[in-house]
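Participant: Sequence unavailable; structure follows:
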Ligand SMILES: Nc1ncnc2c1ncn2[C@@H]1O[C@H](COP(=O)(O)OP(=O)(O)O)[C@@H](O)[C@H]1O
Ligand SMILES: N[C@@H](CCOP(=O)(O)O)C(=O)O
């Protein structure tokens, strides 16, 4: 028997397009055991439409990663549950990819490092922001190309995230199709400066400044505005309620507010009142990333690795 737990994630945090992400306390969980044929059991309603055989996305990722190291996977029975809503900008696809990598790591005994898992996950996802956050936890910053992936992770304390999750899906691919081919040089400079200052502010604990920088994105939010009409209303509302900053979560449609711990409840209540059809959640920042444990026999001590 083995267990896999992977956190959700928010990407970009405003100006850090495709390079900054943060892990959140919503989880994809798998309980697995080896059997004669693949059998995937969905324990959450949202997962029921996915295949129950080895064409399931998580299994195809696991097989590909094992194959990369010249190994084959033994068939498993997997019971999967997830708190991460699909296509809402909370990294469900990255969490599924990371779950597949962790499955390969356990079932093919790969002993992968966090950097190796992040490299594989970023290749499948195409960018490292959600992928590395789900692997490493905390706030991550990453650079990724066909040849190389470099990611760093920093633990985050003392804040909460309030996620305003709309009642409609927005596929990342559709939201990326709204982006321009080119950016004016001056805009790119302002955008990258905002991302740099955001990171410096976070690392020095200056959350008010980090929040300011979240509003200075130049890479994506303007171009996605028509897909997320609720964003400006939320930005205006939460500032008055003591939030540090607000940004589109990943490709949207979720909007993420970073708030002091003691303001989270008020911000949540006022946003839920204003958007009764949306789901407004207070979320912890996850500083641990993906975890697994293997239960060799009934005497094995249960300890996440
Ligand atoms: N647990 C899962 N099993 C299989 N496929 C999944 C799973 N989670 C997500 N996906 C796939 O990822 C898609 C959502 O990815 P995407 O559009 O990138 O949005 P996001 O990653 O922000 O939730 C889903 O529609 C589904 O195809
Ligand atoms: N940087 C990507 C992040 C996509 O995140 P998701 O959770 O919406 O898949 C982007 O902004 O496109």
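Facilitator: Good, I have the coordinates. Computed from a predicted structure; not experimentally measured. Ligands and ions are numbered 1, 2, ... in the order given.
Participant: worst-scoring helix or strand of the chain, pLDDT-wise?
Facilitator: helix 231-240 (a mean of 92; mean pLDDT, DSSP states H and E).
Participant: what about residue 214, distance to ligand 1?
Facilitator: Distance of residue 214 to ligand 1, given as Cβ to the nearest ligand atom, to the nearest Å: 19 Å. All C-beta atoms are positioned from the backbone trio N, CA, C, and that covers glycine.
Participant: ugh, wrong one, I meant residue 134
Facilitator: As judged by Cβ to the nearest ligand atom, residue 134 and ligand 1 stand 10 Å apart.
Participant: Tell me who's in contact with that residue.
Facilitator: Contact analysis of residue 134 by Cβ atoms under 8 Å, 6 or more residues apart in numbering lists 6-9, 23, 91, 94-95, 97-98, 121, 289-290.
Participant: Give me the domain ranges for the protein.
Facilitator: 2-155+287-294, 159-283 (automatic domain parsing).
Participant: near ligand 2, anything from the shortest one?
Facilitator: Meaning domain 159-283. Yes. Judged by Cβ under 6 Å from any ligand atom, domain 159-283 comes into contact with ligand 2 at 172, 176, 220, 250-251.
Participant: Please enumerate the helices of this structure.
Facilitator: Assigned by DSSP state H, the chain shows helices spanning 57-68, 92-107, 114-125, 128-136, 172-176, 185-203, 207-214, 221-224, 231-240, 264-274.
Participant: Relative to residue 166, which of those helices is closest?
Facilitator: Closest to residue 166 of the helices of the chain is helix 231-240 (Cβ to Cβ; 10.3 Å).
Participant: list the buried ones in the closest one?
Facilitator: Residues 231, 234-235, 237-238 are the ones in helix 231-240 that count as buried (16 or more other Cβ atoms under 10 Å).
Participant: which helices and strands sit right next to the least confident helix or strand of the chain?
Facilitator: Packing partners of helix 231-240 (3 or more Cβ pairs under 8 Å, 6 or more residues apart in numbering; DSSP states H and E): strand 245-248, strand 255-260, helix 264-274.
Participant: Just give me how far the longest one sits from the chain centre.
Facilitator: In terms of Cα atoms, centre = their mean, to the nearest Å, the gap separating the centre of helix 264-274 from the centre of its chain is 23 Å.
Participant: which ones are touching the closest residue to ligand 1 within the stretch 101-250 of the chain?
Facilitator: For the stretch 101-250 of the chain and ligand 1, the shortest gap (Cβ to the nearest ligand atom) falls at residue 172, measuring 3.3 Å. Applying Cβ under 8 Å, 6+ apart to residue 172 gives the contacts 87, 89, 93, 250-251.
Participant: Under the pLDDT cut-off, which ranges of the protein? List them.
Facilitator: By pLDDT under 70, the weakly predicted segments of the chain are 297-305.
Participant: Which residues of it lie near ligand 1?
Facilitator: 47, 50, 57-58, 82, 86-94, 96, 171-172, 250.
Participant: So which residues make contact with the least confident helix or strand of the chain?
Facilitator: Contacts of helix 231-240 (Cβ under 8 Å, 6+ apart): 162, 164, 215, 221, 225, 246, 248, 252, 255, 257, 259, 267, 270-271, 274.
Participant: Which of those ranks first by neighbour count?
Facilitator: Compared across the contacts of helix 231-240, residue 257 has the highest neighbour count, 30 neighbours, by other Cβ atoms under 10 Å.
Participant: so it makes contact with residue 246?
Facilitator: Yes. The pair residue 257 and residue 246 qualifies as a contact (Cβ atoms under 8 Å) at a distance of 4.8 Å.
Participant: which ones are touching whatever residue of the chain ends up closest to ligand 2?
Facilitator: Per Cβ to the nearest ligand atom, residue 250 is where the chain lies closest to ligand 2, at 2.6 Å. For residue 250, the contact set (Cβ under 8 Å, 6+ apart) comprises 9-12, 89-91, 129-130, 172.
Participant: Kindly recompute the last result at 6 Å.
Facilitator: 11, 89 (Cβ atoms under 6 Å, 6 or more residues apart in numbering).
Participant: Ligand 2 contacts on the stretch 51-200 of the chain?
Facilitator: 89-91, 93, 127, 129-130, 172, 176.
Participant: now the nearest residue to residue 272 once chain neighbours are set aside: how far from residue 295?
Facilitator: In space, and not counting its chain neighbours, residue 272 is closest to residue 280: 4.2 Å by Cβ to Cβ, 6 or more residues apart in numbering. Computed as Cβ to Cβ, to the nearest Å, the residue 280 to residue 295 distance reads 37 Å.
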